[in-house]
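Engineer: Predicted structure and sequence below. I'll ask about it afterward.
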Amino acid sequence: MLRVAGLTRRFGDHLALDDVTFDVVPGRMTGFVGANGAGKTTTMRIILGVLAATAGEVRWQDQPLTQDVRRDFGYMPEERGLYPKMKIRDQLVFFGRLHGLDAERAAARTDKILGRLGLAERASDVLETLSLGNQQRVQIAAALVHEPIALVLDEPFSGLDPLAVDAMADLLREEVTSDVPVLFSSHQLDLVERLCDDLVVLSRGKVVAAGAVSELAAGPTSTYRLVVDGDAGWLRDVRGIQVRDVAGGTALFDVLDGAVEQKILQEAISRGPVLEFGPERVALSDVFREATR
Amino acid sequence: MKTLDKPWVLIAEREITTKLRDKTFIGSTVVMLLIVMAAVIIPALIAGKGGPDKIAVIDDAGVKVVQQASTTTGDGYEVTRVADRPAAEKAVTDGKVEAALLPDADGYVVLGKDRVDSGVEGALREAAAAVGMETNAGKAGLSPAELHAGTKVSLQLLKPGPLPDIVSDFVNIGLALVFYMTALGFGMMIAQSVVQEKESRVVEILAAAVPIRSLLWGKVLGNTVLALTQIVVIAGASLIGLLATDQADILEVVAPVAGWFVVFFVLGFVAPAGLWAVAGSLATRQEDLGSTTLPGQMILMIPFFFSVFAGSSAKTVASFVPIASSMSMPGRMLTEDVPVWQPLVAIALLLAATVLIVRMGARLYERTLLQTGRRLGYREALALEAK
């Protein structure tokens, strides 16, 4: 497990990170969200050792993270960068070896990933001749080539069209085994909701929310939504709930007593067709707005 | 699976293979090769084409004098027989002969166009005197041996230098120039390669994967290997040139100093190489290099002009000053008799300076490499905290 423990970073008088603590659990994708300047990139750069922390530390398997271990991490920095005038295959082999693979293994991995990304026939093209989307794919390949033991991706999907996002997400799922923790930051909350298992919300250098996406999105109370073919006004008379809103056949209510929602469903079915029934999910963007307010 | 534990070797390898595929680098090396080959071969061809100087004479006595003169010089002279003085004058004016030797009332006249080579004049003067005196001695009843008894003068040098003056000047300047050009050229390449990595942001991935010092060492190592290889290739080419034009005797003078040259070259190259890398890491774009490389250029340029233009005692001092010593000590060792403690002291000083400069360079490099915001000054960089 990758643990960020009490990270604090000052730039002069500016407190960029204030006692940031969270875990990135193996086999789960952890989304890292926050407004611009919240400290996401600073946190990631500290995890990768590119920047030093003023206080706190990064731990790996309950030990302080060392340069040796970090070398097996995969990293996609916010500011994309590879050698523009180097052939992409040479480039990926170089990064594979830089992360500790031997030459043969690096070549085999490179060919596999390039094939998977549909870039096999461009292997000996110079990077700068590729389209931006393809350069982005090569960038993610550079983070994956050495079979990293942990992945840190700073805005990996920014600038990609939805199809490319799906392709990259598939690649990530395929490449990332169940013992690899993945941390990725993004502004695209719908994407985070779709892809991530856990979520860490950062605001002005502080963690303001953290936990499983399903829990965070479920909201603090159990709110249900019922849509029937007819009028739902009868709900106002039911005990054990607090009706929030009724408009024609659509109602929104909070369950106060456990299991009362099942009785309501039975009641609704006996009265006529039920079009929709279930817990009302809070959009992640609302969680985000709420948490960072 | 994870095998490579020396990332700087990999960095150096990439540096070398990238350069070897770079057309401008290969092109400039080829041009340098051609220039060196030309410098070695063309003078030999010009010297060889002239053949022996031709001297015009109009009688047998003249022939005898020219033949005598031929025995005292290497190339010898070729006798050109002409009918009379006007014919001799015409041959001189037309440049068909170097000079003409004409009988005069009290000996001979050497006839030239606008000037007569002092070697030719001296040889003819000496030969005329020798031939004349032998004739006179014969008339007086003396044998040539009796005549020359006790007159032989031979040359002994107390401090013989291995090469003639003018040659040693060229050698001194040439060696200093080779070092200066190579160190400057490869220095700029190091700075460019660093700033390219900053510009393309790839440095962030590199720095996350390996210690920043490894990046620095890899670059310095790779470029040192390239620079040395380039020099060896060029030295090899000039060697072939020398052998092909029968100038191999120069090698006997050069060979013993070659090892020293390599030591001075490597140390003198590595010391500023650290600074060149810093010049790259202070910049954020290629255009910044003009100002950030200035100290590096000065560190090479000042010792270069000093070692080329200074007088001989100043040159001796320069041959101990680190970096300047890389430019002047090998040359001095070629052209003077330098006691062996002198290069050893110079190397010790150079080594100490290299360690100091490289240490400072590594520190600055570590602090500035990931600063991509704007160009930094050296003073600013020194005041930066680590990371």
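Structural biologist: It's in. Numbers count the residues shown, from 1 in each chain, chains lettered A, B, ... in the order given.
Engineer: what's around the residue in the stretch 101-250 of chain A that chain B sits nearest to, how many residues?
Structural biologist: Here the stretch 101-250 of chain A gets closest to chain B at one residue, residue A:102, 4.4 Å apart by CB to the nearest CB. To be clear about C-beta, it is placed using only N, CA and C from the backbone, and glycine gets the same treatment. Neighbours of residue A:102 under the rule other CB atoms under 10 Å in any protein chain shown: 13.
Engineer: Next, work out how far apart it and residue A:93 are.
Structural biologist: Counting by CB to CB, to the nearest Å, the separation of residue A:102 from residue A:93 is 11 Å.
Engineer: Quick check: nearest residue in space to the residue in the stretch 101-250 of chain B positioned nearest to chain A, chain neighbours excluded?
Structural biologist: As assessed by CB to the nearest CB, chain A sits closest to residue B:201 within the stretch 101-250 of chain B, at 2.8 Å. The shortest distance from residue B:201 to any residue other than its chain neighbours is 2.8 Å, reached at residue A:81 (CB to CB, 6 or more residues apart in numbering or on different chains).
Engineer: What residues does the residue nearest to residue A:139 when sequence neighbours are not counted make contact with?
Structural biologist: In space, residue A:139 comes closest to residue A:80 once its chain neighbours are excluded; the distance is 5.2 Å by CB to CB, 6+ apart. Contacts for residue A:80 (CB atoms under 8 Å, 6 or more residues apart in numbering or on different chains) come out as A:135, A:136, A:139, B:201.
Engineer: Mind doing that once more with 7 Å?
Structural biologist: Residue A:80 makes contacts with A:136, A:139, B:201, as judged by CB atoms under 7 Å, 6 or more residues apart in numbering or on different chains.
Engineer: can you tell me the helix or strand for it?
Structural biologist: Per DSSP states H and E: residue A:80 is located in neither a helix nor a strand.
Engineer: picking that back up, ramachandran angles for the residue nearest to residue B:201?
Structural biologist: According to degrees, to the nearest 10, the main-chain angles of residue A:81 amount to phi -170, psi 130.
Engineer: Which positions in the stretch 51-200 of chain B make contact with chain A?
Structural biologist: For the stretch 51-200 of chain B, the residues in contact with chain A (CB under 7 Å from any CB of the partner chain) are residue B:200.
Engineer: in the stretch 51-200 of chain B, which spans are helices?
Structural biologist: Ranges of helices in the stretch 51-200 of chain B, per DSSP state H, counting those that start in this stretch, are B:60-72, B:85-93, B:118-140, B:144-148, B:165-199.
Engineer: repeat for the stretch 101-250 of chain A
Structural biologist: Counting by DSSP H, counting those that start in this stretch, the helices of the stretch 101-250 of chain A are A:103-116, A:132-144, A:162-175, A:189-195, A:213-218.
Engineer: among those helices, which is the most enclosed?
Structural biologist: helix A:132-144 (a mean of 21; mean count of other CB atoms under 10 Å in any protein chain shown).
Engineer: What parts of the stretch 101-250 of chain A come near chain B?
Structural biologist: Contact residues, the stretch 101-250 of chain A versus chain B (CB under 7 Å from any CB): A:101, A:102, A:105, A:142.
Engineer: Residue A:90 is in contact with the last one, correct?
Structural biologist: No: under the contact definition of CB atoms under 7 Å, residue A:142 does not touch residue A:90, with a separation of 11.9 Å.
Engineer: Could you list the low-confidence segments of the stretch 151-300 of chain B?
Structural biologist: Residue ranges of the stretch 151-300 of chain B with pLDDT under 70: B:157-168, B:248.
Engineer: Centre of the chain to the helix or strand where residue B:9 lies, how far?
Structural biologist: If you go by DSSP H and E, residue B:9 is part of helix B:7-20. Distance, stretch centre to chain centre, for helix B:7-20: 29 Å (CA atoms, centre = their mean, to the nearest Å).
Engineer: Also stretch A:123-131?
Structural biologist: Worked out by CA atoms, centre = their mean, stretch A:123-131 lies 29 Å from the chain centre.
Engineer: Also stretch A:179-195?
Structural biologist: 1 Å.
Engineer: pLDDT of that stretch, averaged?
Structural biologist: Across stretch A:179-195, pLDDT averages out at 86.
Engineer: any idea how chain A splits into domains?
Structural biologist: The domain map for chain A lists A:2-217, A:219-292, with the assignment taken from automatic domain parsing.
Engineer: Would you convert the ones you listed into JSON lines that also reports distance to residue B:196?
Structural biologist: Shown next, in JSON lines, are the domains of chain A (distance: least, CB to CB, whole Å):
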{"stretch": "domain A:2-217", "distance to residue B:196": "8"}
{"stretch": "domain A:219-292", "distance to residue B:196": "39"}
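Engineer: Those: which one's closest to residue B:277?
Structural biologist: Closest approach to residue B:277 among the domains of chain A (CB to CB): domain A:2-217, 17.2 Å.
Engineer: so how far is residue B:8 from residue A:82?
Structural biologist: From residue A:82 over to residue B:8 the distance is 20 Å, taken as CB to CB.
Engineer: give the contact list for the residue in the stretch 51-200 of chain A positioned nearest to chain B.
Structural biologist: Closest to chain B within the stretch 51-200 of chain A is residue A:81: 2.8 Å, counting by CB to the nearest CB. By CB under 7 Å, 6+ apart, the contact list for residue A:81 reads B:200, B:201, B:202, B:204, B:205.
Engineer: Strands along the stretch 151-300 of chain B, start to end?
Structural biologist: Using DSSP state E, counting those that start in this stretch, the stretch 151-300 of chain B contains no strands.
Engineer: I meant to write the stretch 1-150 of chain A there.
Structural biologist: Under the criterion DSSP E, counting those that start in this stretch, the stretch 1-150 of chain A contains strands at A:2-11, A:14-24, A:29-34, A:55-60, A:63-64, A:73-76, A:150-154.
Engineer: Ok, which of those comes nearest residue A:267?
Structural biologist: Of all these, strand A:29-34 comes closest under CB to CB, at 38.8 Å.
Engineer: of the helices of the stretch 101-250 of chain A, which approaches residue B:349 most closely?
Structural biologist: Between these, helix A:103-116 lies closest to residue B:349; by CB to CB that is 41.3 Å.
Engineer: so what secondary structure elements neighbour that closest one?
Structural biologist: Helix A:103-116 sits against helix A:88-98, helix A:132-144, with contacts defined as 3 or more CB pairs under 7 Å, 6 or more residues apart in numbering or on different chains; DSSP states H and E.
Engineer: With only the CA atoms kept, save the shortest one in CSV.
Structural biologist: If I follow you right, that is helix A:88-98. Output in CSV follows, covering the C-alpha atoms of helix A:88-98 (Å, rounded to 0.1, in the frame of the first residue of the first chain):
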residue,chain,number,x,y,z
ILE,A,88,9.2,5.9,-30.1
ARG,A,89,10.4,2.3,-29.9
ASP,A,90,14.0,3.3,-28.9
GLN,A,91,12.4,5.8,-26.5
LEU,A,92,10.2,3.2,-24.7
VAL,A,93,13.1,0.7,-24.5
PHE,A,94,15.3,3.4,-23.0
PHE,A,95,12.7,4.2,-20.3
GLY,A,96,12.1,0.5,-19.6
ARG,A,97,15.8,0.1,-19.0
LEU,A,98,16.0,3.3,-17.0
